[in-house]
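Visitor: Predicted model follows, preceded by the sequence.
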Amino acid sequence: MRGFPDPETGEQDEALLAEQIAAGRKDLFRLLIQRYQRKLYAMGLSFFHNREDASDYTQEVFLKCYRSLGSFRGGARFSTWLYRIAYNTAVNGINRRREYHSLAEEPVSEENPESQALRRAAKEAVQEAVAELPEKYRVCVDLFFFYERSVREIEEITGFPENTVKSHVFRAKKLLKEKLEGF
């Protein structure tokens, strides 16, 4: 039987959940917020690079998601459909502002000072290398490595053809390898 959420695993049939919310069970929308809020906020930070704008962005994405739930047909995974909304919202926002910052720029905390220093040095090298990538490469790299989206999902999210996504990820990896070779 299809259901949501499984208290043991946290998994849920999001298509059924979206159906139920669209049919009037508005109280269930909190389950989607709980599941995706941190991921969308992180995506907002990668695009807007400040907490206030990332928070506004997250709310805007959830609002658009809520209003569009009736159009979700289940042809793709719910997360892919949601990330498509999130990506388009971010692109529209950065087109107004013309800025994009990679998720690789986000801070990581460590307890050990030595590990923290090594991580910081590596992070700075990666940030510098990623910052030099063309924006279309950075977006694909972020979605592929940091959001663990498949090539097909990145195609659906960005609208880039599948082979273009593969090419962008491949070229970005090659450029990053060259830039980070001496590190």
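Guide: Nice, I can see it.
Visitor: Looks like residue 46 contacts residue 143 (just checking).
Guide: No: in this structure residue 46 lies outside contact range of residue 143 using CB atoms under 8 Å: 9.8 Å. In short, each C-beta sits where N, CA and C put it, glycine included.
Visitor: And for residue 182, the neighbour number?
Guide: Burial of residue 182 is recorded as 6 neighbouring residues (other CB atoms under 10 Å).
Visitor: Which of the helices or strands spans it?
Guide: Mapping residue 182 onto the secondary structure by DSSP states H and E places it in no helix or strand at all.
Visitor: what's the spacing between it and residue 129?
Guide: Note on residue 182: its distance to residue 129, by CB to CB, to the nearest Å, is 11 Å.
Visitor: in this structure, which residue is closest to the centre?
Guide: Closest to where the C-alpha atoms of the chain average out (CA atoms, centre = their mean) is residue 43, at 4.6 Å.
Visitor: Chain neighbours aside, what residue packs nearest to that residue?
Guide: Using CB to CB, 6 or more residues apart in numbering and skipping the chain neighbours, the partner closest in space to residue 43 is residue 86 (5.6 Å).
Visitor: do the same with residue 161
Guide: Nearest in space to residue 161, with sequence neighbours left out and distances taken as CB to CB, 6+ apart, is residue 155 at 6.5 Å.
Visitor: what distance separates whichever strand or helix holds that neighbour from the centre of its chain?
Guide: Secondary structure from DSSP H and E places residue 155 in helix 151-158. A distance of 11 Å separates the centroid of the chain from that of helix 151-158, by CA atoms, centre = their mean, to the nearest Å.
Visitor: you'd agree residue 158 is up against residue 143?
Guide: Yes: with contact defined as CB under 8 Å, residue 158 and residue 143 form a contacting pair (7.4 Å).
Visitor: Need the residues touching each of those two.
Guide: Overlap between the neighbourhoods of residue 158 and residue 143 consists of residue 87, taking contacts as CB atoms under 8 Å, 6 or more residues apart in numbering.
Visitor: the more surrounded of those two?
Guide: A count of neighbours by other CB under 10 Å puts residue 143 above the other of residue 158 and residue 143, at 25 against 21.
Visitor: how about that one, what does it touch?
Guide: Applying CB under 8 Å, 6+ apart to residue 143 gives the contacts 83, 87, 149, 153-154, 157-158.
Visitor: low pLDDT regions in the chain?
Guide: By pLDDT under 70, the weakly predicted segments of the chain are 1-12, 94-112, 115-116, 183.
Visitor: what ranges do the helices span in it?
Guide: 14-22, 29-48, 51-68, 78-97, 113-131, 135-141, 151-158, 162-180 (DSSP state H).
Visitor: Give me the contact list for the first one.
Guide: Right, helix 14-22. Contact partners of helix 14-22, identified using CB under 8 Å, 6+ apart, comprise 2-4, 28-29, 31-32, 66, 69-70, 72, 74, 77-79.
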